[in-house]
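Enquirer: would you be able to build a 3D model of this:
(one chain, ligands or ions: 3)
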Amino acid sequence: MNFELKPIGLVGASTEKCDALVLLVPQDFKAGKDDLSELVGQALKSADLEAKPGKLLSLYKPAQAHATRVVLAGAGSGSARDVRAAVVAAVAAVKSPSLKKLLVCFAAPAQEAAVRAAVMAVADASYAYTHTKSKPEGRTLSKVLVGASNATEVQTTFDRAVATVVGAEMAKEWANRPANHATPTLLAQAAQELAKLSKISCEVLGPKEVAKLGMGAFMAVAQGSDQPLRFIVLKYSGAAKSQAPTVLVGKGITFDCGGISIKPAPEMDEMKFDMSGAASVLGVFRSLAALKPAINVVGLIPACENLINGQAVKPGDVVTSMSGQTIEILNTDAEGRLVLCDALTYAERFKPTAVVDVATLTGACVIALGGVRSGLFASQDALGNALFAAGETAQDLCWRMPLDDDYAEGLKTGFADVANVGGRAGGSITAAKFLQRFTEKFPWAHLDIAGTAWKSGAAKGATGRPVGLLVEYLMAQAQNK
Ligand code: BES
Ligand code: MN
Ligand code: ZN
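Expert: Ligands and ions are numbered 1, 2, ... in the order given. Next comes the predicted model:
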């Protein structure tokens, strides 16, 4: 899908050749003298159109526009939130197999945040999963024009939003694929495909190399599955080699049944999304290839299944992590932290400016923050603040959580240096405290995306989060250099 920003208002919108026109009409709309403006003005006056977000008036071949289908969409205050609601409703209304070229036009000067919201909403509303359908009904929409009279002012935001969408859709695609179509090996192949893009390289380690590195915690999770583990190392080199990189680490559990501490059957299928952190790292690299910022970024993905066979790790087993710390695995379902801790230790070799791990880590985070904000943990305020701000700008929200040492009390055990679980209370925080033990050598942050990476229920599917947040954070890093 190709996006283009056009410096047009209502006059331009009426003559643009397209299959469908979505006109975003804010509450404070002021009608001009042109035909389309007058039409909108009349519709508002007669109350046939309301400017509230989500309210639509659909027209077929109106004389005032070249498009076959025109939807006047109430855009409320013109805020990002209202524009998102308007675009989602309008795209659903014009979606059809014949929809190839769509024009979404702001009837009043567009706010930057609203432009970003519009781009993301068109992508979201037109996404179609097809990978495992025998008769795929894919996205027919191939060209999206966004019209705004103040286009030049919002061009940078627009470009960033478009690049973010490309990355977020890659993340969504891989997260949505069932576990038998997204094995560690297939994830590694997807990463290797990314290395065909400029400035990106990829290295994939298998069981032998990982054993040699001493990643005993990662191996303990992988040993219960017949699928061989993969440790993926991606590099984006946008700056001089001498410049220290930011490292992103993505949890890549391609299926999490819980291991011997097995999960209940209902909704267990959703654990195919347990590699959403990994998928978001892949997506970020896709976005970086489009935006080409002058920074260096390393992506690390420990990928394996958390399953049960005769070799599976058992509750009470003690393993030695790459850091040398021994871990008592009291609950095999707390596997994310086990694969991440070895990846965090591996990150030390890059002498990074910061390490950010991204993981569908705890059900407790879903209880704490729901599906609106991801959990953000940071060992330094500067990093925490930068990630929080990036989330606000990208409309990919997160919320800072605490890291007081008292939260680590429950991880104490008499049988190893640390246990992998610390009781139910504050579960997302004890998980973060576990990870923090492996991050002494660099500024570190952790995003728990268990609630935000996918939606359950009728609209079940991956969201592509937090690609937007991460891309925005990295772009801000590039600007600060
Ligand atoms: N992948 C899950 C976390 C999860 C659960 C994400 C539900 C989204 C929805 C993780 O591996 C896990 O199982 N965590 C356990 C930890 C517990 C055993 C301390 C959990 O949250 O129950
Ligand atoms: Mn688990
Ligand atoms: Zn998991």
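Enquirer: could you pull out the strands for the stretch 201-350 of the chain?
Expert: 230-237, 246-250, 252-256, 296-306, 317-320, 326-329 (DSSP state E, counting those that start in this stretch).
Enquirer: so what does the first one touch, helix or strand wise?
Expert: Using 3 or more CB pairs under 8 Å, 6 or more residues apart in numbering; DSSP states H and E, the elements in contact with strand 230-237 are helix 184-194, strand 200-205, helix 276-291, strand 296-306. Using the backbone N, CA and C atoms, a C-beta is placed for each residue, glycine as well.
Enquirer: for residue 105, which of the ones you listed is the nearest?
Expert: helix 276-291 (24.4 Å; CB to CB).
Enquirer: count the neighbours of the closest residue to residue 5 other than its chain neighbours for me.
Expert: Spatial nearest neighbour of residue 5, excluding adjacent residues (CB to CB, 6 or more residues apart in numbering): residue 158 at 4.5 Å. Using other CB atoms under 10 Å, residue 158 is surrounded by 22 other residues.
Enquirer: quick one: contacts for residue 158?
Expert: 3, 5, 115-116, 119, 146, 151 (CB atoms under 8 Å, 6 or more residues apart in numbering).
Enquirer: please narrow those to those residing in strands.
Expert: 3, 5, 146 (DSSP state E).
Enquirer: residues near residue 443, how many?
Expert: 18.
Enquirer: and for the one 5 residues further on?
Expert: The local packing count at residue 448 equals 33, with neighbours defined by other CB under 10 Å.
Enquirer: same check on residue 453?
Expert: By other CB under 10 Å, 29 other residues sit near residue 453.
Enquirer: over to residue 140?
Expert: Around residue 140 there are 15 residues (other CB under 10 Å).
Enquirer: just to be sure, it is in a strand?
Expert: No - under DSSP: H, G, I helix; E, B strand; the rest coil, residue 140 falls outside any strand and is assigned coil.
Enquirer: okay, and residue 385 sits in which element?
Expert: Assigned by DSSP states H and E, residue 385 belongs to helix 381-394.
Enquirer: can you list the residues of the stretch 151-300 of the chain near ligand 1?
Expert: 256, 274 (CB under 6 Å from any ligand atom).
Enquirer: can you list the residues of the stretch 151-300 of the chain near ligand 2?
Expert: residue 256 (CB under 5 Å from the ion).
Enquirer: could you list the low-pLDDT ranges of the stretch 151-300 of the chain?
Expert: The stretch 151-300 of the chain contains no residues with pLDDT under 70.
Enquirer: just give me the neighbour total for whatever residue of it ends up closest to ligand 2.
Expert: Per CB to the ion, residue 256 is where the stretch 151-300 of the chain lies closest to ligand 2, at 4.3 Å. By other CB under 10 Å, 26 other residues sit near residue 256.
Enquirer: scan the chain for its longest helix.
Expert: helix 151-176 (DSSP state H).
Enquirer: what's across from whichever residue of the stretch 201-350 of the chain sits closest to ligand 3 in the sheet?
Expert: Nearest residue of the stretch 201-350 of the chain to ligand 3 (CB to the ion) works out as residue 256 at 3.7 Å. Taking DSSP bridges as the rule, residue 256 bridges to residue 306.
Enquirer: surely residue 372 is in contact with residue 397?
Expert: Yes - counting by CB atoms under 8 Å, residue 372 touches residue 397, with 6.3 Å between them.
Enquirer: neighbour count: these two, which is higher?
Expert: Neighbours per residue (other CB under 10 Å) separate residue 372 from residue 397, with residue 397 holding more: 18 against 10.
Enquirer: thinking the more buried one is in contact with residue 374, fair?
Expert: Yes - Residue 397 lies in contact with residue 374 (CB under 8 Å); the separation is 7.2 Å.
Enquirer: overlap in contacts, these two.
Expert: 391, 469.
Enquirer: buried set for stretch 375-384?
Expert: 375-379, 383-384 (16 or more other CB atoms under 10 Å).
Enquirer: in helices only, show me the residues you listed.
Expert: Short answer: the buried residues of stretch 375-384 in helices (DSSP H) are 383-384.
Enquirer: Throw the buried residues of stretch 375-384 into a markdown table and include distance to ligand 1 and pLDDT, thanks.
Expert: Formatted as a markdown table, those follow (distance: CB to the nearest ligand atom, whole Å; pLDDT from 0 to 100):
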| residue | distance to ligand 1 | pLDDT |
| --- | --- | --- |
| 375 | 11 | 99 |
| 376 | 16 | 99 |
| 377 | 15 | 99 |
| 378 | 20 | 98 |
| 379 | 21 | 98 |
| 383 | 24 | 98 |
| 384 | 22 | 98 |
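Enquirer: now, the buried residues of stretch 375-384 that are in strands?
Expert: Per DSSP E, the subset of the buried residues of stretch 375-384 in strands is 375-378.
Enquirer: name the nearest residue to residue 477, sequence neighbours excluded.
Expert: residue 295 (5.6 Å).
Enquirer: for the one you found, give me its contacts.
Expert: So residue 295 contacts 236, 238-239, 243, 245-246, 474, 477-478, 481 (CB under 8 Å, 6+ apart).
Enquirer: between these, which sits nearest residue 88?
Expert: residue 474 (27.3 Å).
Enquirer: and stretch 469-481, how far out from the chain middle?
Expert: Between the centre of stretch 469-481 and the centre of its chain there are 16 Å (CA atoms, centre = their mean, to the nearest Å).
Enquirer: what comes up buried for that stretch?
Expert: Buried, per 16+ other CB under 10 Å, within stretch 469-481: 469-475, 477-478.
Enquirer: in CSV: these, plus secondary structure.
Expert: Listed next are those as CSV, based on three-state DSSP:
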residue, secondary structure
469, helix
470, helix
471, helix
472, helix
473, helix
474, helix
475, helix
477, helix
478, helix
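Enquirer: residue 115 versus residue 15, what's the distance?
Expert: 22 Å (CB to CB, to the nearest Å).
Enquirer: I misspoke; the intended subject was residue 464.
Expert: According to CB to CB, residue 464 and residue 115 sit 18 Å apart.
Enquirer: tell me where the stretch 351-481 of the chain has strands.
Expert: Under DSSP E, counting those that start in this stretch, the stretch 351-481 of the chain gives strands at 354-359, 374-378, 398-400, 418-419, 444-448, 454-455, 461-462.
Enquirer: give me the phi and psi angles of whatever residue of the stretch 351-481 of the chain ends up closest to ligand 3.
Expert: Distances between the stretch 351-481 of the chain and ligand 3 by CB to the ion are smallest at residue 360, namely 6.1 Å. Here is the backbone geometry of residue 360 (degrees, to the nearest 10): phi -80, psi 80.
Enquirer: and it, how many neighbours?
Expert: Count around residue 360 with other CB under 10 Å applied: 31.
Enquirer: quick check, it in contact with residue 336.
Expert: Yes - using CB under 8 Å, residue 360 is in contact with residue 336, at 7.1 Å.
Enquirer: tell me, what's touching those two both at once?
Expert: Shared between the contact lists of residue 360 and residue 336 (criterion: CB under 8 Å, 6+ apart) are residues 251, 253, 274.
Enquirer: near ligand 3, which of these show up?
Expert: 253, 274.
Enquirer: returning to what we had before: out of the strands of the stretch 201-350 of the chain, flag the one nearest residue 64.
Expert: strand 230-237 (47.2 Å).
Enquirer: and the closest one, how far from the chain's centre?
Expert: 18 Å.
Enquirer: got the CA coordinates for it in PDB?
Expert: C-alpha atoms of strand 230-237 as PDB (Å, rounded to 0.1, in the frame of the first residue of the first chain):
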ATOM      1  CA  ARG A 230      17.400 -19.500  17.100                       C
ATOM      2  CA  PHE A 231      19.200 -16.500  18.400                       C
ATOM      3  CA  ILE A 232      18.800 -13.600  15.900                       C
ATOM      4  CA  VAL A 233      21.200 -10.700  15.800                       C
ATOM      5  CA  LEU A 234      20.100  -7.800  13.500                       C
ATOM      6  CA  LYS A 235      22.200  -4.700  12.900                       C
ATOM      7  CA  TYR A 236      21.200  -1.400  11.400                       C
ATOM      8  CA  SER A 237      24.300   0.700  10.700                       C
END
